[in-house]
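J.: give me the fold of what follows.
(chains A and B)
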Amino acid sequence: MTTADVYLQQIINGTSLGAMYALLALGFTLVYGILELINFSHFNVFMVGSFIGLGTLEALGVTPNGVALTGFALAGVLLLTFAVTMVGSGLLGVVIERVALRPLRNVKGPAAMITTIGVSYVLFNLVLLCLGADGKNFPSPLPQVSFAIGGAVLRLREILIWVVSLALMGGLTYFVQYTKLGKAMRATAQDPEAARMMGVEVDRVIIAAFFLGSALAGAGGLMFGLYYNLTSYVIGFTTGLRAFTAAVLGGIGNVPGAMLGGILIGLIEAFGSYWISAAWADVIIFSILVLVLVFKPAGLLGRLAPNKS
Amino acid sequence: MTASIMLAALRPPQSPADRRRRAGVVALTVLMLAFPFLGHAFQGLGFDWDIGDDDVDSVANALAYATLALGLNIVVGFAGLLDLGYAAFFAIGAYTYGVLTAFQIMPAWSPFWEPLAVLGLVQKYHQEAGDLVHFTLSFWLALPLAALLTAACGVAFGFPTLRLRGDYLAIVTLGFGEIVPIVFRNVPSVTNGAAGLNGVMAPTLFGFNFRVDPTPYYYVGLLLTALLIFVSFRLRDSRIGRAWMAIREDETAAGAMGVDHVKAKLMAFAIGAAFAGMTGVFFVAKLQTATPDMFGFPVSVMILVMVVFGGMGSVWGVVAGAAVLSLLQSWFLPSLTQWAHALGEAVGNDWLQSIDLARSIELIFGIILVLTMLFRRDGLIPATRKQAALSFDAQHVQGVRRGGFDPEAAAHVLGELPHIEGNLLEIRGVTVRFGGLIALNKVDLVVPNGGVVAVIGPNGSGKSTLFNVITGLVPADGGSIRFGGAEILGLKPHQILERGVARTFQNIRLFANLQVLDNVMIGQHARLRAGIAGAILRLPGTRAEERAALQRALDIIALFGNRLAPRLTQVVSALSYANRRRVEIARALATRPKILLLDEPTAGMNPAETLELAEQIDSLHKQGLTILIIEHKLDVVTRLADTVVVLDHGEKLVEGTPDEVRRNEEVLRAYLGRAATEAAHAA
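T.: The predicted structure follows:
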């Protein structure tokens, strides 16, 4: 492999990881934009999402050693799996909002954030206790097709991640910009009180934000499984922190910012692991988080919502 | 006089509650001291109730968690900084002692080590391939060393996060908490990597080696816990503790009242970290092993759960929280599991027989955290107790003094005021822009020493921005602000307050969950000197300073008669609107101002209250205090002000005596619009 090939390979790896981080970062950003709340439960909604995906695939008869699917069967299985995973994760997000966060909505201070830590911890330990500590093999319905670009290898799973992420991000952008509920969401992010007076049902907007954010996290969790052929109860924590870093890097509360931040963090992880060492990847990413927060707290693209005080 | 009576009433030498509390502490101390021997006592009395080494060990662990919870309580409970990576400091303390006594870390011997060997800090370790250095740091030396080191780390970690809002701080500390174990794992030459350190030396005391007997560790843990409880209380009831609570309640108001939030936050980080560092030394000495996995996120969460469950900010609460949760893990869950198994056997249920509750401890912690937040946010033992409202009689013990403050008392409270001829405050060409909006455009304004200047103008004319730029809350885009002849533009809010500029806020920014007395005490922050050492040791100097500060706070509150005096220990959020305005003025007076900036002090008051306050402000003026006031009520302005400045759209429209301004055409137009002005002329 030439140096150019190696770099190309890192770009392929980095953008695939980054697309996943971006999906997760969008959930942080949607909730933060509206409630100014860092939602730690999002970390493990992602993790639960990957297990919902695993369960759905198994229920559809896809096994780790089974035959790869093609054509309509493949498309159907993928569509159904993504749909079930996203709806399941989305509903989980809505339940969390309704049960644990709504009662604290008007409480000042860190109460709501501490609660999300508790919820996250409950999810984490529930999965650990119910499904065990071992990593689970993640079956893939994708055929083992890969393309050589020079010395770099592009696999079908990376193409899948790109396509699905782009579609979901495009869909979200359309939703936020052009639909009625999306406009209500942006209005609420600007000023919940004014939005309420203009007839926006703020509760519905918040539920929508949790549903969409969690559904995207679930899609991310499914991609994680398809990408690494593995899932485990621990994936939420490190992946969630990286995705949060992505949201901050892009400018938390800012939808395009979360996408940009996700891709950047993916690339940083890929190149950092290559140049330095995978063992230091998290140290590099958190150092970036700290540097961004100190020198450019608004992130690269700035905030969608003005600072409410 | 009144104040000293109130002081006596407030802190009687031995109230029944005090006596009960003291008795409780003594009983707890005796029980804890006797605990390891209670088993013998019970058996002597014929009970079959043993307290074995395991139990002593469990309680020693609970004590270690209690010290961690006390440390996190300083950061989260007192200063309101959500730290999710607290275990990092625990790890640093543990590794400090571990690295400096374990047999895994042994560099080659060289003459450099000779002097340290003489001091007993290292030993020469003979080996065929060449002599090595074995570090032999004493446990007793390691405790303060780790405290200092982790305090330094606390400052270093805290520094980049200071400018961040609270929720970002949580995520950055979470990141730090993740990084530290990763670093320990990845630098094996210093830490022996993922395998960790073992064979860490047990402490020795006067030749007695602790080895693995839990009892001596128990007593060290007990001593450490007692020390940290003492330190927590001393800090809480000091200038430092009040500053922490002020930034927790309202950082902006704390700055405007003279609290340097950078310094206060770093102190909280440093002290909280030092607690964790000492506990780390204790813990690793007791366990005689340290691995990176012992200090991950679950540990940080567990300590947070203990603090939240016990009651954020409540010293006894967090100790109780740590004790309950840690003993839940080591005592109750195993017993409960055995009962479940027995029950399962009896009814033939397989699931009950296979249950292991100790494994689900983290799940239980998560559930406890959520339930505490949802149903009992103040925790097991709340930091502030709710107080009943005053009775009708208590509200009317003393009438309101008409005609302003008592001159003598007011003069006493104000103290020495500057003797300068001319202007105390000079604002020249000050401009403030918010994006495209010009909030203030080259505004000039002077306040003569001893004078009263009123600023009026329609809403949005830049009045409050003017106050914010004077007090350093908003940066200026040009101009100059001189106070007492020295430039204050560009200084931080607390520095401006130190120079003698105090203010109130249009929308009242008190420390809402603190008592009236605490609010006024915080106002004196910049005039007091006690630092951390002073607060903990409380030497005669500090003691006298505190007593004088308390007396002065009571004197100030007494100025307002029965409006505030009977409500001394009430939480300000429970006060009426007018009383909150009065507390804000009392707090500003506590800062020993040379100039008082009042932002709509009578807003929301009824005519009688307005008159009362106007008279009080007037009496301050009569004692020589310089006042700059924003006010909408023109009768108040006319009554108080020598000079009136009218702002409109960020520009100074007119300046003159109240009468001149009242007749000015431009002012009428600004307030009423052109048509109305013409109509007024026509009429």
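J.: how many residues are close by the residue of the stretch 451-600 of chain B found nearest chain A?
T.: In the stretch 451-600 of chain B, the residue found nearest to chain A is B:A512; the distance is 8.7 Å by C-beta to the nearest C-beta. (C-beta placed from N, C-alpha, C; glycine too.) For B:A512, the number of neighbouring residues by other C-beta atoms under 10 Å in any protein chain shown comes to 17.
J.: check the residue nearest to it when sequence neighbours are not counted and give its pLDDT.
T.: What sits nearest to B:A512 in space, not counting adjacent residues and going by C-beta to C-beta, 6 or more residues apart in numbering or on different chains, is B:S573, at 4.2 Å. Reported pLDDT at B:S573 in the predicted model: 90.
J.: and if you look at B:N507?
T.: At B:N507, pLDDT is 91.
J.: number of residues surrounding the residue of the stretch 151-300 of chain A found nearest chain B?
T.: Residue nearest to chain B within the stretch 151-300 of chain A: A:F286 (3.7 Å; C-beta to the nearest C-beta). By the criterion of other C-beta under 10 Å, A:F286 has 22 neighbours.
J.: check the average confidence over the lengthiest helix in chain B, would you?
T.: Determined from DSSP state H, the single longest helix within chain B is helix B:261-287. With pLDDT averaged residue by residue, helix B:261-287 scores 93.
J.: and for stretch B:173-181?
T.: The average of the pLDDT scores along stretch B:173-181 is 87.
J.: and the contacts of that stretch?
T.: Stretch B:173-181 is contacted by residues A:238, A:241, A:245, A:282-283, A:286-287, A:289-290, B:82-88, B:91-92, B:157, B:161, B:292-293, B:295-297, B:300 when judged by C-beta atoms under 8 Å, 6 or more residues apart in numbering or on different chains.
J.: can you rerun that using 6 Å?
T.: Contacts to stretch B:173-181, defined as C-beta atoms under 6 Å, 6 or more residues apart in numbering or on different chains, come from residues A:283, A:286, A:289, B:83-85, B:87-88, B:91, B:157, B:292, B:295-296, B:300.
J.: try stretch A:122-133
T.: Contacts of stretch A:122-133 from elsewhere in the structure, counted by C-beta under 6 Å, 6+ apart, are A:44, A:48, A:233, B:360, B:362-363, B:366-367.
J.: ok, 10 Å please
T.: Stretch A:122-133 is contacted by residues A:41, A:43-48, A:50-51, A:54-55, A:92, A:96, A:100, A:231-234, A:236-237, B:297-298, B:301, B:356, B:359-370 when judged by C-beta atoms under 10 Å, 6 or more residues apart in numbering or on different chains.
J.: re earlier: helix, strand or coil for the residue nearest to B:A512?
T.: Secondary structure for B:S573, judged by DSSP: H, G, I helix; E, B strand; the rest coil, is helix.
J.: hmm, it is touching B:N513, no?
T.: Yes - here B:S573 reaches B:N513: they are 6.4 Å apart, a contact under C-beta atoms under 10 Å.
J.: for B:D50, which non-adjacent residue is closest in space?
T.: Closest residue in space to B:D50, ignoring its immediate chain neighbours: B:G39 at 4.8 Å, by C-beta to C-beta, 6+ apart.
J.: name the residues of the helix or strand containing A:W162 that are buried.
T.: With secondary structure defined by DSSP states H and E, A:W162 is part of helix A:156-178. Residues of helix A:156-178 classed as buried: A:156-161, A:164-165, A:168-169, A:172, A:175-176 (neighbour count, 16 or more other C-beta atoms under 10 Å in any protein chain shown).
J.: format those as TSV; extra columns: pLDDT.
T.: Supplementary listing: these in TSV, determined by pLDDT from 0 to 100:
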residue	pLDDT
A:L156	88
A:R157	89
A:E158	91
A:I159	91
A:L160	91
A:I161	92
A:V164	93
A:S165	92
A:L168	93
A:M169	91
A:L172	93
A:F175	93
A:V176	90
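J.: so which of the contacts of stretch B:173-181 sit within strands?
T.: Using DSSP state E, no member of the contacts of stretch B:173-181 falls within strands.
J.: host element of the nearest residue to the residue of the stretch 151-300 of chain A closest to chain B once chain neighbours are set aside?
T.: If you skip the residues right next to it in sequence, A:F286 has B:G175 as its closest partner in space, 3.7 Å away by C-beta to C-beta, 6+ apart. B:G175 belongs to helix B:166-186 when assigned by DSSP H and E.
J.: could you point out which element follows that helix?
T.: Taking DSSP H and E as the definition, the helix or strand that follows helix B:166-186 towards the C-terminus is helix B:188-191.
J.: point out where chain B drops to low pLDDT.
T.: Screening chain B residue by residue with the criterion pLDDT under 70, one finds the ranges B:1-14, B:48, B:165, B:385-400, B:674-677, B:680-683.
J.: how does it divide up, domain by domain?
T.: Domains of chain B are assigned by automatic domain parsing as B:52-101+B:137-375, B:407-682.
J.: hey, which of these is tucked in deepest?
T.: Taking mean count of other C-beta atoms under 10 Å in any protein chain shown as the contact definition, the stretch among the domains of chain B with the greatest mean neighbour count is domain B:52-101+B:137-375, which reaches a mean of 21.
J.: roughly how far out does the strand or helix carrying B:P160 sit from the chain middle?
T.: Counting by DSSP H and E, the element that carries B:P160 is helix B:139-161. Taking C-alpha atoms, centre = their mean, to the nearest Å, one finds the center of helix B:139-161 at 19 Å from the center of the full chain.
J.: reformat the buried residues of helix A:156-178 as a markdown table; add distance to chain B.
T.: Putting these into a markdown table (distance: C-beta to the nearest C-beta, whole Å) gives the following:
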| residue | distance to chain B |
| --- | --- |
| A:L156 | 33 |
| A:R157 | 28 |
| A:E158 | 27 |
| A:I159 | 32 |
| A:L160 | 30 |
| A:I161 | 25 |
| A:V164 | 27 |
| A:S165 | 24 |
| A:L168 | 24 |
| A:M169 | 23 |
| A:L172 | 23 |
| A:F175 | 26 |
| A:V176 | 22 |
